[in-house]
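Peer 1: What would the 3D arrangement of this be:
(one chain, ligands or ions: 2)
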Amino acid sequence: MRARLTKIFHFEAAHTLPTLPDGHPCQRMHGHSFKVVVHVEGEVNEAIGWVYDHKEISRAMAPLLDLLDHSYLNDVEGLESPTIERIAAWFWRKLEPSLPGLKEICVHETPNSSCSFYGEF
Ligand SMILES: Nc1nc2c(c(=O)[nH]1)N=C([C@H](O)[C@H](O)COP(=O)(O)OP(=O)(O)OP(=O)(O)O)CN2
Ligand SMILES: [Zn+2]
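Peer 2: Ligands and ions are numbered 1, 2, ... in the order given. Coordinates of the predicted model:
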């Protein structure tokens, strides 16, 4: 039997998007309450009844959230132009080595706007 685990995280951060066309309002510094949704899939261990402890996802996310929370994202290595596409890919690169079965990372920057990334670089 296979199943998908989903875990939701939040961080607050500021950013600018310097590569946008002149005059775009997102070139100005502003902030978001970001939501990151991490999905992993795998075989359910029949003896235990879970894919793996979802605390493993929290453990893998903790240092990344420490780094990003209340930061200026553009200062973070790899996030010099932090669109939600690039933020999702940044999380993927950091999480993939420690999260078997990583399937999707969805980054929400407003209640209306999000980006899902599936590891296709
Ligand atoms: N493809 C992307 N488009 C945009 C991104 C992005 O990362 N990827 N980012 C932004 C800005 O960060 C902007 O701050 C988002 O705010 P806004 O456009 O106001 O977002 P809303 O969801 O509130 O949009 P509404 O259309 O007003 O609902 C812009 N675009
Ligand atoms: Zn923004």
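Peer 1: so what does the top helix by length along the chain touch, helix or strand wise?
Peer 2: Longest helix of the chain, by residue count under DSSP state H: helix 55-68. Contacts defined by 3 or more Cβ pairs under 8 Å, 6 or more residues apart in numbering; DSSP states H and E place helix 55-68 against strand 2-15, strand 30-43, helix 84-95. To be clear about C-beta, it is placed using only N, CA and C from the backbone, and glycine gets the same treatment.
Peer 1: Pull up the residues of this structure that are close to ligand 1.
Peer 2: Residues of the chain lying near ligand 1 by Cβ under 6 Å from any ligand atom: 17, 26, 30, 83, 84, 85, 109, 110, 112, 113.
Peer 1: of the residues you listed, buried ones?
Peer 2: For the residues of the chain next to ligand 1, a neighbour count by 16 or more other Cβ atoms under 10 Å gives the buried set as 17, 83, 84, 109.
Peer 1: ok, so of those, who is nearest residue 53?
Peer 2: residue 84 (28.2 Å; Cβ to Cβ).
Peer 1: Please look at the closest one and residue 106 and confirm they touch.
Peer 2: No: contact criterion Cβ atoms under 8 Å: residue 84 and residue 106 do not qualify, at 9.0 Å.
Peer 1: Could you pull out the residues contacting both of the two?
Peer 2: Common neighbours of residue 84 and residue 106, counting by Cβ atoms under 8 Å, 6 or more residues apart in numbering, are 114, 115.
Peer 1: can you pull the contacts of the residue lying farthest from the centre of the chain?
Peer 2: The centre of the chain is farthest from one residue, residue 47, which by Cα atoms, centre = their mean lies 30.9 Å away. Listed by Cβ under 8 Å, 6+ apart, residue 47 has no contact partners.
Peer 1: and it, helix, strand or coil?
Peer 2: Secondary structure, DSSP: H, G, I helix; E, B strand; the rest coil: residue 47 is coil.
Peer 1: I'd like to know how far it sits from ligand 1.
Peer 2: Applying Cβ to the nearest ligand atom, to the nearest Å, the value for residue 47 to ligand 1 is 43 Å.
Peer 1: Could I get the phi/psi values of that residue?
Peer 2: Backbone torsions of residue 47, given as degrees, to the nearest 10, read phi -70, psi -40.
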